[in-house]
Each structure stands twice: as C-alpha cells, then as structure tokens.
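Novice: Have a look; sequence and predicted model below, questions after that.
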Amino acid sequence: MLDFNESNWVETGLPCGNCGSSDAKAINKDGSSKCFSCDKFTPASAYQRRDESEDLKSNVVPMPTKGVTMDGMFAALTDRSITLDTAKKYGVTVKYGADGEISEHHYPYYKDGALVGKKVRKVKDKQFFSEGTISGTELFGQNLFTRGKYITITEGECDAMAAYELLGNKWPVVSIVSGASAAPKDIKRNLEYLDQFDTVVLCFDNDKPGTEAARKVAELFAPGKVKICNLKKHKDPNEYLRNNQRQDFSNEWWDAKTFTPDGIVAGNDLWDVVTAEVKQSYINYPWDGMNELTYGIRTHELVTVAAGSGMGKSQFLRELIYYLLKNTEDNIGLLMMEESIRRTGLSIMSMDANQLLHLPDTVVSNDDLRKHYDNTLGTGRLFLYDSFGSNTIDNIISRVRYMAKGLDCKYIFLDHISIIVSDQQHGDERRALDEISTKLRTLVQETGVALFMVSHLKRPPGTSHEEGGATSLSQLRGSAGIGQLSDIVIGLERNGQHEDEEIRNTTTVRVLKNRFSGLTGPATYLKYSKYTGRMTETEAPETGGSDDQDEF
C-alpha cells in the first residue's frame, strides 16, 4: 500500500496539470505523485526524478563534461510515446512547466568522450536552441554504440529513440545533428566511426529534403554499404511509434534497398518490374495498320512525326487529337506553333463537323457551330498555347511541364520544333535541336505524358518529299539526337504533284523507328477528302506512295 505520510514526500507544493491547482501536488520517495486537490495519482513508471548522484545514462560508462550539465529529470517523453528506459538510455532529460506537463526535452551531444553541448527542444512551440556547443560533435547517440552489424541513422533525436524502440532495442540507432541540409557534413565528420559497422541504414524523413539528403549521404560510403529505408505509411520513425505500427516499421526497415547511384538498378530488385503485366497500350491509334506495328499509344513515350513541307503533318495530328478527345477522358495540350489559336480551334471543330469550317464558302448555322464547339473545345479538356510571345526553348519546356503537371494533360502535341529552333540565338541549328530534344525527352520521363512532336526533314537526294520521296531517319533535321531520343518516329510521304487525284491525296504512313516492338516499315495509307477534311485508312494506291493536299 502506498504511503503518503508527510515524511515520505520529497517535494510538495507543486502545481497540478490535471486540476490547475498551484500547490496541491506532491512527489513521493518512489517517484509517484498525488494531487491532494483532485486526488489524481501518477505512478512512478510515468517519470523518474533525476537525483544528483544518478548517472546521466544508465547502462553506459559515465562521461566527463565540459561546462555543460544535463539538468532536469529522466521521464518518459509522453508527447512522443518514448519510454523512460529509452530516454535514460540516450541520456535525455526533461523539465516540467507550471502546468505540471513536460515543457522541455534536453538532448546531450558528445565530442572526444566528453559532454560538450545539449540541444533543448521546447515542447509547446517545437523550437530548438542549444547550450554549450553542438557544432562539430558526434552524432546523437554515437557514444552508446560501438561496431556491429547494423547501424541506423535518422534525421532527429526523437526519431532515433523511436527507431531504437521499434527495432526492439536490438540495433544501434543514431541521429544527424543539424537537419537534412547539413547531413552530409555531419556524416563526413563521423565516417570513421560509421565504417565500424557492416551496414548503414539511412532512415531519413519521407519528404523531398530527406530523400535528397539520404542520396547525398549514401554517396559518401563504399558501394554496397548503405541501405535506404523507404518509409511508406508515415513521414518518420516517431510517427510509427506514436501510432503503434511497430511491425510495419520493422518490415520497411528490413526491406531497405541497397543504394546504387542514380540510373543504376540492381538486377535482384527487378522482380516486380519484369513480372508486371505488359499492357498493349494505353489506347490504340485510330488506324489498324499503325496498331499492328506499334501496339498503340503509350504514356512515357516521345513520338516524332516527320515529313517534308506540306505533307499533311498537322492534319495527321488533328486526327489523333480528335480521336483521343472522343475515346479517352484525359486532358490534351496543344502547342501549334505555326497557327493562331483561332485556327487551331476551328480545325478541331472541323473534325467534329466533317466540314472545313475555316473556309469562307463553308456554310454552317450558329446552332451547329455551337454544337461542334461544345463537343470539342467546350469539353474543358483541350488546352491551347498562344504562341504569340516568347518561344525560347526554356519557355516552351515550362509550358509543356505546366500542361502536364498543372493541367493534368496526358497527351501533348507540339507542332513543330523547327520553328522553335529558328527563334533561338544559338546560331547552330544542330545544337539547338539537340537541346530541345533532350529536354523534351527528360520531361516525358519526368511527367509520364505521351508527347507527339513534329520535325521537318532535310531535302533528300533524288525525288523530293513533295513528290513522294521516301522518308528515313537520316533525313531528320539537325544531328541524330531526335531519332535517338524518340521512342517512335513516324514518316509521312505523299506525291502532292501526281496527276492522279487519288494518289495525290493519299499519304503513306511509315514507321521509321519503334523502340517498343522493333517493327518498322509502311504501316498504313490515309486518304484525304477535300469535302470533309478527314483522313481515313485505305488500301495502298496501285502506283505507290502518297498524302493529302497542303496543310490548313
């Protein structure tokens, strides 16, 4: 039975955080407390008063100090769900406020075997300040552990103590000193110590600064020594502890992947990748012949459409745009550099009307015009770039990124990169084409869009493209960069001067490059109707190649 005789009280007249009394709380010799106003009893396991004679850290050799003392008392860090034993292990003390609640945490820092500083955390406003010096010190907790199989590094003191508990108090856990941005500096200073362990596990916060810091720190170690723990359910280890998700944290810790430099992936990490179901495409092309060779349209791909001048490239794109508009629910971005947004808008509406609405002799009622508008532009899924203004490479790249990330466009059409290059100050077309192609390729990978871009061709020797000359990868403008960076390259061929109207208005669609399936060659033939303005799949003309009349 507990004895609350006055002779057993070690402190009296303390404030009570439960009822608000300013002097009714007393602490007993066994560390328990009672408020004689509200009768609230707090057992000794909740906190333990630190006596002057008590070692600062249980289970470790006492360390000398250099002008810094760890005042306060040992207690469970209840706001962080950290037990008294763990707080004592790491030498963390607390102070109480007038309300009887913990107001401060004190974290010790050592250097060359001596306590040289402490970090003080204000619980209420979460502000930090330091006493002594914490610059150039060991990692938090480093003085507790020497050599072993594993050591885990976290981004904060409470995360280190939490991870230690979550791992069953079995494996060493330390923390960097000064936050994610300074992590490489903290680790460099203590590399010799960390190299005593077989494996270093980085368990930084699951946010951008934490991810970047983990990568920079991992690069400081020898290959194969570092694993990076990918926290999935919470931001940091302490959140796992507070939510009592010990098994989840343990699973993610054991699943930590060995760090390899950017762009290098260990083969034994690829099982889920190679066994994932291969989908034929996100959506097919509107023409069967194209689907037989390409297996359809996929996101994360850069598709280049190449042809000579007036070969129907823009109309080919419009057919794709309208098809995607009618057969998906995704947003579509259009950067049509050679025409006004009015012309682009009317051209897309023309697809719905099966009439060339931009021509002066086309008759259409306002009601019908409104219907075609509502079916296309009015859906709210088409976003057009008004190219009047700056067309620098960086400006175009930023517009494509905004369409992808800000407007959620899954398909983006750029017609054409040659006009962008002509606006640059490089004085070197090859260099400019390489630059924009590389940036677009990177952007496609970053955003996951399907990007269709148009590129003009160099004039071939012999038969010109305007007279039905065959297209090839070697005819792409600039260096070989466009062909190398594209996933698919489509060439359009048409003899626009042929006497036979059917041949004159039939386009050969040739797949010049196909990274997905490797299949290339003539894919299909598209016949243009001067009455409807549409391109429809047809058989090959008897005498060969072809395409539509000049672009709008």
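Specialist: That came through, no problem.
Novice: hang on, residue 131 is in a strand, isn't it?
Specialist: Yes: residue state for residue 131 (DSSP: H, G, I helix; E, B strand; the rest coil) corresponds to a strand.
Novice: With residue 93 as the reference, measure out to it.
Specialist: Shown here: residue 131 relative to residue 93, a distance of 12 Å by C-beta to C-beta, to the nearest Å. Every residue, glycine included, has its C-beta placed from N, CA and C.
Novice: Which of those two has more residues huddled nearby?
Specialist: Ranked by neighbour count (other C-beta atoms under 10 Å), residue 131 and residue 93 place residue 93 first, with 21 against 16.
Novice: right, and the more buried one touches residue 102 too?
Specialist: No: taking contacts as C-beta atoms under 8 Å, residue 93 lies outside contact range of residue 102: 10.3 Å.
Novice: Overlap in contacts, those two.
Specialist: Counting by C-beta atoms under 8 Å, 6 or more residues apart in numbering, the residues touching both residue 93 and residue 102 are residue 75.
Novice: got the buried residues for the longest helix anywhere in the chain?
Specialist: The helix spanning the most residues in the chain, taking DSSP state H as the definition, is helix 429-447. Of the residues in helix 429-447, those scored as buried under the neighbour-count criterion (16 or more other C-beta atoms under 10 Å) are 432-437, 439-441, 443-444, 447.
Novice: Which single one of the residues you listed is nearest to residue 238?
Specialist: Nearest to residue 238 among the buried residues of helix 429-447 is residue 447, at 33.6 Å by C-beta to C-beta.
Novice: So what's the residue count around the closest residue to residue 93 other than its chain neighbours?
Specialist: The shortest distance from residue 93 to any residue that is not its chain neighbour, by C-beta to C-beta, 6 or more residues apart in numbering, is 3.7 Å, and that residue is residue 72. With neighbours defined by other C-beta under 10 Å, the count for residue 72 comes to 20.
Novice: Kindly provide the distance from residue 72 to residue 118.
Specialist: Using C-beta to C-beta, residue 72 is found at 10 Å from residue 118.
Novice: One more: residue 356?
Specialist: Residue 356 sits at a distance of 79 Å from residue 118 (criterion: C-beta to C-beta).
Novice: which one of those two has more residues nearby?
Specialist: Between residue 356 and residue 118, residue 118 has the larger neighbour count (other C-beta under 10 Å), namely 25 against 18.
Novice: hang on, that one in a strand?
Specialist: Yes: with three-state DSSP as the criterion, residue 118 is assigned to a strand.
Novice: which residues sit in contact with it?
Specialist: With contacts defined as C-beta under 8 Å, 6+ apart, residue 118 is in contact with 68, 70, 106-109, 130-132, 134.
Novice: which of these count as buried?
Specialist: If you count burial by 16+ other C-beta under 10 Å, the buried members of these come out as 68, 70, 106-109, 130-132, 134.
Novice: Next, residue 102: phi, psi?
Specialist: As for residue 102, its main-chain torsions (degrees, to the nearest 10) stand at phi -60, psi 130.
Novice: ok so, going back, how about a markdown table for the buried ones among the contacts of residue 118, with pLDDT and distance to residue 164 added?
Specialist: What follows is the buried ones among the contacts of residue 118, written out as a markdown table (pLDDT from 0 to 100; distance: C-beta to C-beta, whole Å):
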| residue | pLDDT | distance to residue 164 |
| --- | --- | --- |
| 68 | 77 | 23 |
| 70 | 83 | 19 |
| 106 | 92 | 18 |
| 107 | 93 | 14 |
| 108 | 93 | 15 |
| 109 | 93 | 17 |
| 130 | 86 | 22 |
| 131 | 87 | 24 |
| 132 | 87 | 24 |
| 134 | 86 | 20 |
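Novice: hang on, isn't residue 102 packed against residue 73?
Specialist: No: here residue 102 lies out of contact with residue 73, judged by C-beta under 8 Å, at a distance of 9.8 Å.
Novice: Which of those two has more residues huddled nearby?
Specialist: Neighbour count, other C-beta under 10 Å: between residue 102 and residue 73, residue 102 has more, with 22 against 19.
Novice: Which elements pack onto the longest helix of the chain?
Specialist: Counting contacts by 3 or more C-beta pairs under 8 Å, 6 or more residues apart in numbering; DSSP states H and E, the secondary-structure elements packed against helix 429-447 are strand 302-307, helix 393-401, helix 417-422, strand 450-456, helix 481-485.
Novice: Quickly, which of those bottoms out on average pLDDT?
Specialist: In terms of average pLDDT, helix 417-422 trails the rest of these, at a mean of 68.
Novice: before we move on, back to that, kindly format the C-alpha coordinates of the longest helix of the chain as PDB.
Specialist: Presented in PDB, the C-alpha positions along helix 429-447 are these (Å, rounded to 0.1, in the frame of the first residue of the first chain):
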ATOM      1  CA  GLU A 429      20.600  24.600 -85.600                       C
ATOM      2  CA  ARG A 430      22.100  21.200 -84.700                       C
ATOM      3  CA  ARG A 431      22.900  22.300 -81.200                       C
ATOM      4  CA  ALA A 432      19.500  23.900 -80.700                       C
ATOM      5  CA  LEU A 433      17.700  20.800 -81.900                       C
ATOM      6  CA  ASP A 434      19.700  18.600 -79.700                       C
ATOM      7  CA  GLU A 435      19.000  20.800 -76.700                       C
ATOM      8  CA  ILE A 436      15.200  20.900 -77.100                       C
ATOM      9  CA  SER A 437      15.000  17.200 -78.000                       C
ATOM     10  CA  THR A 438      17.000  16.200 -74.800                       C
ATOM     11  CA  LYS A 439      14.900  18.500 -72.600                       C
ATOM     12  CA  LEU A 440      11.600  17.100 -74.100                       C
ATOM     13  CA  ARG A 441      12.800  13.500 -73.600                       C
ATOM     14  CA  THR A 442      13.700  14.200 -70.000                       C
ATOM     15  CA  LEU A 443      10.300  15.900 -69.500                       C
ATOM     16  CA  VAL A 444       8.400  13.000 -70.900                       C
ATOM     17  CA  GLN A 445      10.100  10.700 -68.500                       C
ATOM     18  CA  GLU A 446       9.500  13.100 -65.600                       C
ATOM     19  CA  THR A 447       5.900  13.700 -66.200                       C
END
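Novice: what is the rounded mean pLDDT of it?
Specialist: Computed over helix 429-447, the mean pLDDT rounds to 83.
Novice: Also stretch 315-325?
Specialist: Within the predicted structure, the mean pLDDT of stretch 315-325 is 94.
Novice: about what we covered before: show me whatever sits in contact with both of residue 102 and residue 73.
Specialist: With contacts taken as C-beta under 8 Å, 6+ apart, the residues that reach both residue 102 and residue 73 are 94-95.
Novice: what about the nearest residue to residue 97 once chain neighbours are set aside, neighbour count?
Specialist: Excluding its sequence neighbours, the residue lying closest to residue 97 (C-beta to C-beta, 6+ apart) is residue 103, at 3.6 Å. The local packing of residue 103 (other C-beta under 10 Å) involves 16 other residues.
Novice: Name the SS class of residue 103, please.
Specialist: When classified by three-state DSSP, residue 103 comes out as strand.
Novice: ok, now the one 5 residues further on?
Specialist: Assigned state for residue 108: strand (three-state reduction, three-state DSSP).
Novice: ok, now how distant is it from residue 249?
Specialist: Computed as C-beta to C-beta, the residue 108 to residue 249 distance reads 25 Å.
Novice: re the thing from before, show me what contacts the residue nearest to residue 93?
Specialist: Residue 72 makes contacts with 50, 93-95, 104, 106, as judged by C-beta under 8 Å, 6+ apart.
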